[in-house]
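Student: coordinates only, sequence not included:
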């Protein structure tokens, strides 16, 4: 199998890397949308994330890699098997599944295994990409070009955390909870508002404009393409270190304190920006807590809030016809007003 360009070797794009790491620590953030020009490392970062993720414990033999400690919330088969006592378990890598643009609905949600039905006369459900992505990450490159009926399907599953397939005499229901990651080029079209709102964090990436950074990026990419395995081995210590950082952050996430004044700052920021509903405040709080956990801090500070505010809020702003500046500029101006920086 070909080596993957190490996540830790990606130079620059700090906001994108922080958003992906925060989502790895706290999947409840709702995933990450990465928009930017071609060749800015979007797909490279997502695929490199797979090597960073710690392993997870699953029920042995389960097609949906259910959590053995799920207490009855796993698939129907695991619930039945669990009545007889503790389920056998094993440790496997957290899945990062690609959803290609050309994928059919059957490929995504699963369908009747026709070959088995015709050869053996058995009805057997062949699970799809959503089953593979359960408890992991589902990555859609060029997400803004995804067909509308597939967008509707993903919205339904993301909202319920369950995939229901009823067709061809089959009735299958299985858990499908995943972190959605999308990337795309804004020049190729906008994302539907319903899907845009489903992403917890939104990041804008662009090519660096200083010559030393661009030269170093070229050097690293060239070295990787010449000898992928040696290059990956060189960056293995940094990769292992970040994996341990994620594992530690996950373990301490529930103990991180979010002070009252930080919550008030988050609410004041969202009010000044005019974001809809309360999802903005919730996302800012959760993202700031995840970043604090990554840094090993026990308390969320104003600095953590300022770090995550642009990615948590830029896609939640209403359009202002009297303000032609971009959403990022509006957030930065408001941060200065709120935090006096």
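Tutor: On my side now, so go ahead. Since this is a predicted model, take the numbers as computed values, not measurements. Residues are numbered from 1 along each chain as shown.
Student: What are the buried residues along whichever strand or helix holds residue 232?
Tutor: In this assignment (DSSP states H and E), residue 232 forms part of helix 228-234. Applying a neighbour-count criterion of 16 or more other C-beta atoms under 10 Å, one finds 231-232 buried in helix 228-234. Bear in mind the C-beta positions are built from the backbone N, C-alpha and C, glycine included.
Student: so what secondary structure elements neighbour the very next helix or strand once past it?
Tutor: Where DSSP H and E defines the elements, the next helix or strand beyond helix 228-234 is helix 236-252. Contact here means 3 or more C-beta pairs under 8 Å, 6 or more residues apart in numbering; DSSP states H and E; on that basis helix 236-252 packs against helix 14-25, helix 42-52, helix 279-295.
Student: Compare these and give me the one nearest residue 205.
Tutor: For residue 205, the closest of the helices and strands packed on helix 236-252 is helix 14-25, at 5.4 Å, according to C-beta to C-beta.
Student: Taking helix 42-52 as reference, get the angle to that closest one.
Tutor: Orientation of helix 14-25 against helix 42-52 (axes from the mean of the first three to the mean of the last three C-alpha atoms, to 10 degrees) gives an angle of 40 degrees.
Student: who touches helix 14-25?
Tutor: Applying C-beta atoms under 8 Å, 6 or more residues apart in numbering, the set of residues contacting helix 14-25 from outside is 7, 10, 29, 31-32, 34, 41-42, 45-46, 49, 52-53, 179, 181, 200-201, 203-205, 242, 246, 249-250, 253, 287, 290-291, 293-294, 307-308, 310-311.
Student: Make a PyMOL selection of the buried ones in those residues.
Tutor: To isolate the buried subset of these in PyMOL, counting by 16+ other C-beta under 10 Å, use the following:
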select buried, resi 7+10+29+31+32+34+41+42+45+46+49+52+53+179+181+200+201+203+204+205+242+246+249+250+253+287+290+291+293+294+307+308+310+311
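Student: what packs against the helix holding residue 232?
Tutor: When contacts are defined as 3+ C-beta pairs under 8 Å, 6+ apart, helix 228-234 sits against helix 211-226.
Student: Tell me the buried residues in the helix it packs on?
Tutor: In helix 211-226, residues buried by neighbour count (16+ other C-beta under 10 Å) are 217, 220-221, 224.
Student: how far is that helix from where the chain is centred?
Tutor: Mean C-alpha position of helix 211-226 versus that of the full chain (C-alpha atoms, centre = their mean, to the nearest Å) differs by 27 Å.
Student: ok, now stretch 34-43?
Tutor: That offset, for stretch 34-43, works out to 15 Å (C-alpha atoms, centre = their mean).
Student: what's the average pLDDT for that stretch?
Tutor: Mean per-residue pLDDT for stretch 34-43: 85.
Student: Which parts of the protein are strands?
Tutor: With DSSP state E as the definition, the chain shows strands at residue ranges 32-36, 55-59, 89-93, 96-98, 111-112, 125-126, 137-141, 162-167, 170-175, 179-184, 201-205.
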